[in-house]
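Engineer: predicted model and sequence below, questions to follow.
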Amino acid sequence: MRIAAEAEARINLVHVHDPHGEPERLADAQAARSQGEQRARAYLESIGKQISPVSPVPVDVTLLQGRVADCVLDHAKAADVDLIALTSHGRGPLSRYWLGSTTDELIRRSAVPLLVVRPTEGDPDFAHEPPLKKVLIPLDGSAFAEQILEPVASLGTVMNAEYELIRVVRPDYDPGPDPFFSTPQHVPDEEAEALALEYLGNVRDRLAKRVSTTIKVDAFSNANTAQAIADIGNRRFDLIALATHGKSGLSRLMLGSIADKVIRGARVPILVYRPTDSEGQARASRNS
């Protein structure tokens with residue numbers, strides 16, 4: 001709501017009715033569908049009525065039918081949507097490590113940036129305006145990861161947010177004075193950190209040509225890149241913004257995606273963007 005208000009945009013509340021599992025008899029199926037659509041529209045309209053007294057944002061409601069992820073993606077394309085906002089659906093002690101299947105699929109497939117918010121207990125407070133002033137942007141030195149700068153610059157400009165670019169480098173491994181009795185330790189890789197800071201400074205200079213806000217940079221060593229990013233984001237930032245390869249299945253398990261782990265480990269909202277291959281190649285060509 002707050003982003004839409006600042007951007008003078010509209011909110012489109014969407015519900016997808018999945019007909020799977022409806023009665024086999026045609027008459028029963030039609031009745032069940034009609035009842036489901038009525039309940040869904042009443043629900044969406046009730047949310048709109050809760051928003052109206054506290055926000056000037058125009059609210060539309062849309063009912064779709066079919067497979068949820070397919071319908072959302074098709075609708076986003078047809079309606080020329082700029083941002084898809086949704087919650088993850090983790091529950092219980094393992095919730096921080098996984099997402100609901102629909103959210104997970106949208107992250108892997110959507111060409112539109114997604115704002116993924118972890119749900120809290122209880123009913124939402126529509127009058128509460130969550131802060132969105134400090135944005136963490138983790139980069140790994142690749143042209144692919146830098147594709148997040150385009151959508152995050154647009155969002156940050158609307159919200160007048162500050163940015164911090166970070167890069168986590170692998171630490172050195174110190175076996176100790178005695179390889180048999182000493183406890184091995186990870187120590188900062190100062191040379192790699194210096195190179196990372198130089199790289200981030202160059203990215204900051206490019207980004208500063210597009211946005212007029214504070215842009216900080218930081219590089220440090222840590223053996224667990226994803227956990228380090230999530231921890232910093234949870235402690236000091238209102239939003240983490242990153243690009244994802246959108247891998248699935250075996251390729252995803254083999255990749256061990258840093259973005260995938262950050263999304264599951266962060267408690268703050270995540271702006272996720274899946275660049276196309278052509279975008280990554282174009283950026284790499286411009287930077288070479």
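Structural biologist: It's in. Numbers count the residues shown, from 1 in each chain.
Engineer: heading C-terminal from the helix or strand bottoming out on mean pLDDT in the chain, find the next helix or strand.
Structural biologist: None of the helices or strands of the chain scores lower by mean pLDDT, DSSP states H and E than helix 249-255, at a mean of 46. Moving toward the C-terminus from helix 249-255, the next helix or strand (DSSP states H and E) is helix 258-265.
Engineer: just checking, what packs against that next one?
Structural biologist: Counting contacts by 3 or more Cβ pairs under 8 Å, 6 or more residues apart in numbering; DSSP states H and E, helix 258-265 packs against helix 225-236, strand 239-243, strand 270-273. (Each C-beta comes from the backbone N, C-alpha and C, glycine too.)
Engineer: nearest to Leu83, of those?
Structural biologist: strand 270-273 (8.5 Å; Cβ to Cβ).
Engineer: neighbouring strands for the closest one, and are they parallel or not?
Structural biologist: strand 114-117 (antiparallel), strand 239-243 (parallel) (DSSP bridges).
Engineer: could you say which helix or strand contains Gly201?
Structural biologist: Gly201 belongs to helix 190-208, assigned by DSSP H and E.
Engineer: a strand runs through Lys216, doesn't it?
Structural biologist: Yes - assigned with DSSP: H, G, I helix; E, B strand; the rest coil, Lys216 falls within a strand.
Engineer: beta-bridge partners for it, please?
Structural biologist: With DSSP bridges as the rule, Lys216 is bridged to Glu164.
Engineer: now do it against Thr225, distance only.
Structural biologist: Lys216 sits 19 Å away from Thr225, going by Cβ to Cβ, to the nearest Å.
Engineer: which one of these two is surrounded by more residues?
Structural biologist: Thr225 (17 against 13; other Cβ atoms under 10 Å).
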